[in-house]
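Colleague: Mind folding the following:
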Amino acid sequence: QVQLVESGGGLVQAGGSLRLSCAASGRTFSAYAMGWFRQAPGKERAFVATISRDGGYTYYVNSVRGRFTVSRDNAKNTVYLQMNNLKPEDTAVYYCAAREAGARADAKLYDYWGQGTQVTVSS
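Modeller: Residues are numbered from 1 along each chain as shown. Coordinates of the predicted model:
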């Protein structure tokens, strides 16, 4: 089992940047592919980005590709989401998730979830 704690959310103006972190504890972090998801008010949780266990493969939803970068540091048991050129439509609670298999975009395939961190982008 793995425990996940997100941090780094906040309020930022459109065009600004934030870096989210997700710290993992418990079992070997490098055994897990990691995903970032977000949920805006009144909407379902949606895929943002995923990264493979060794960090060699990443995949993004079209709306963030070129603006967001997912990375991981297995020595620090942490996955990151660097968000640049933020837009008001990026406003949501952001969650990290882990699965003990390959990177996927489907939230139903993830076994462990953090509590979320709020990102608010003002226009």
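
Colleague: mean confidence score for stretch 54-74?
Modeller: Confidence over stretch 54-74 (mean pLDDT, whole number) is 98.

Colleague: The residue nearest the centre of the chain: helix or strand, and which one exactly?
Modeller: Of all residues in the chain, the one closest to the mean position by C-alpha atoms, centre = their mean is Trp36, 2.5 Å from it. Assignment of secondary structure by DSSP states H and E places Trp36 within strand 33-39.

Colleague: hmm, who's touching the helix or strand following that strand?
Modeller: Read in the C-terminal direction, the helix or strand following strand 33-39 is strand 46-51, with elements assigned using DSSP H and E. With C-beta atoms under 8 Å, 6 or more residues apart in numbering as the test, strand 46-51 has contacts from 33-40, 57-61, 64, 68, 70-72, 79, 81, 92, 94, 103-107. (Each C-beta comes from the backbone N, C-alpha and C, glycine too.)

Colleague: hmm, try it at 7 Å
Modeller: 33-39, 58-61, 64, 68, 70-72, 79, 81, 103-105, 107 (C-beta atoms under 7 Å, 6 or more residues apart in numbering).

Colleague: average pLDDT for it?
Modeller: 98.

Colleague: Then stretch 89-104?
Modeller: Stretch 89-104 comes out at a mean pLDDT of 96.

Colleague: Return the distance of the nearest residue to Ser122 once chain neighbours are set aside relative to Val121.
Modeller: If you skip the residues right next to it in sequence, Ser122 has Gln13 as its closest partner in space, 5.4 Å away by C-beta to C-beta, 6 or more residues apart in numbering. Using C-beta to C-beta, to the nearest Å, we find Gln13 at a distance of 7 Å from Val121.

Colleague: Likewise for Tyr94?
Modeller: With distances defined as C-beta to C-beta, the gap from Tyr94 to Val121 amounts to 12 Å.

Colleague: between these two, which one's more packed in?
Modeller: A direct count of neighbours by other C-beta atoms under 10 Å for Tyr94 and Val121 places Tyr94 higher, at 23 against 20.
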